[in-house]
Structures are given as structure tokens and as C-alpha cells.
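1. Kindly return the folded structure for what I paste below:
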Amino acid sequence: MGWFFRALNSSIGKKFVMAITGVCLLLFLIIHLVNNLTLFGGPELFNNVVKNLETIKPLVRVIEVILALIFVFHITNAIRLWIENKKARPVNYKINGSSKNSDIFSRTMFVSGSIIFIFLVIHLRTLWVAFNFGHPKAVTHEYFDILVEAFSSPIYTGLYLVALILLGYHLYHGFQSAFQTFGWNNKKFFPLIKKLGLIYTVIMIIGFASIPIYFFFFYGGNV
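-> Numbers count the residues shown, from 1 in each chain. Alright, predicted model coming up:
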């Protein structure tokens, strides 16, 4: 097994872990968006969806642990690769050719990822903790009202939308980068990968952004 861990700790191994965990997170976002869009069906539909998940709570907890591990592997490998790149180029050259060799998405991945992680912590504290740990509305299965309460705040809604814009940059580059790592970066396939990445990113961002906008303008202040 020693060879396996050595392979994972190599630069190529870290990139493969980033790609695999990244694809898992891309799939998770699709499931998460589909679940969230039930909010547009009204309080009864959304509350029933969440309530039904309570009946399989042990399975949900296992999935959450797996998802958390995927996040941890993705983030730690991103940090390790960023440190390696910094060590490989410790001197800031007067003439920096990075802009010619990479686009703005790849050059800002670490920054956008860091800000997204900070918002993710705030998001979990605001909603996931409220859903699972003693919020009065959760006890009575009024989960929809918890969302109304959260998105009635202009600060939280604004942070959510800013984080989504950064997530869009992150997803667009991450989608391409993952498939490049898998070797799909030839002239035949890569233009299609770029188009699919753009379509995926637009759908995700518009889908998720529609929720806070809808709640803020149609339910804001009606807690």
C-alpha cells in the first residue's frame, strides 16, 4: 500500500484527487439544487421533502460524513498544490508571464475557493445547524419559514449572491480542469468540455441565485 500513498502524495496524485473530489462536488450541487428548487412549490411541499429525509436520518448522516470527507480532501489537496506552486516559483518576476499562460479563472482559484469556504461555514451555521439543532421552526417541521427568516436579511442574501458569483468562476474553471486531469484536453473533446462547463455553471448559478432573490423580494420582512 506504500506505493499507493506515495502516488497520492505526488503532484499528479494530488491533481487526480482534486479532479475526482471536484466531480463528486459537481454532482452534489445538481442534487442539492433539485432539492432546493422544491421551495418554489411552497411551504407544504418543501417541508414534506425535508420531513421525509428525517425518516432516513441515519443514511442522511452517513452521506453528510462522506460529503464532508470529500470537501476535506478537495480543500487540503488544493492547499498543498498551492503551496507547492509557491515553492516552485518563490520569486516574483518583474515581468510576469502568468497571464499569457493561464486565464483569470485558474489564477484566482485559490482565492475564490477560500472565500467560498468561508461563506460555506456561514451558510451551514445559518441553515444546516438551524434545521438540525433545536431551531423552534425545525421542531415543528416549518423548515420553509427558516429560509424565509434567513433570506429576509439583506446582508445574508447579499453575501449569498456574492459567493455564488465566485462559485461560478470556480465551477467554470474547475469543470475544465477536472477533465483536463483525466486527459480529455485534446482538440477534439476540449471545446465540448468548455461548452458543457459553461452550461453547467450558468444553470447552477441561475438556479441557486433564484432562491435568495425570490425569498428576499417576495417574503422579505414577512417572518
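
2. which stretches of this protein form helices?
-> Taking DSSP state H, the helices of the chain run over residues 2-9, 11-36, 43-54, 57-88, 98-101, 104-107, 109-123, 129-132, 136-139, 143-151, 154-181, 190-219.

3. Looking at the ones you listed, which one is packed in the most?
-> Between those, helix 143-151 has the highest mean count of neighbours, a mean of 21, where neighbours are mean count of other C-beta atoms under 10 Å. The C-beta positions use only the backbone N, C-alpha and C, and glycine is treated the same way.

4. Which strands or helices does it pack on?
-> Other elements packing on helix 143-151 under the criterion 3 or more C-beta pairs under 8 Å, 6 or more residues apart in numbering; DSSP states H and E are helix 43-54, helix 129-132, helix 136-139, helix 154-181, helix 190-219.

5. what pLDDT, on average, does it get?
-> Mean per-residue pLDDT for helix 143-151: 92.

6. Can you add mean pLDDT and distance to A78 and give the helices and strands packed on helix 143-151 back as TSV?
-> Converted to TSV, these look like this (pLDDT from 0 to 100; distance: least, C-beta to C-beta, whole Å):
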stretch	mean pLDDT	distance to A78
helix 43-54	92	30
helix 129-132	89	25
helix 136-139	88	33
helix 154-181	90	10
helix 190-219	92	18
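
7. now for those, which one comes closest to L25?
-> helix 154-181 (8.3 Å; C-beta to C-beta).

8. Kindly calculate the angle that the closest one makes with helix 143-151.
-> Helix 154-181 and helix 143-151 are oriented at 100 degrees to each other (axes from the mean of the first three to the mean of the last three C-alpha atoms, to 10 degrees).

9. Next up, phi/psi of N186, please.
-> With angles defined as degrees, to the nearest 10, N186 sits at phi -80, psi 170.

10. and the gap between it and Y200?
-> Distance, N186 to Y200, by C-beta to C-beta, to the nearest Å: 20 Å.

11. cool, I56 as well?
-> Here the criterion is C-beta to C-beta. By it, I56 lies 28 Å from Y200.

12. And L159, by the same measure?
-> Distance of L159 to Y200, given as C-beta to C-beta: 23 Å.

13. Kindly report the same for E64.
-> Applying C-beta to C-beta, the value for E64 to Y200 is 24 Å.
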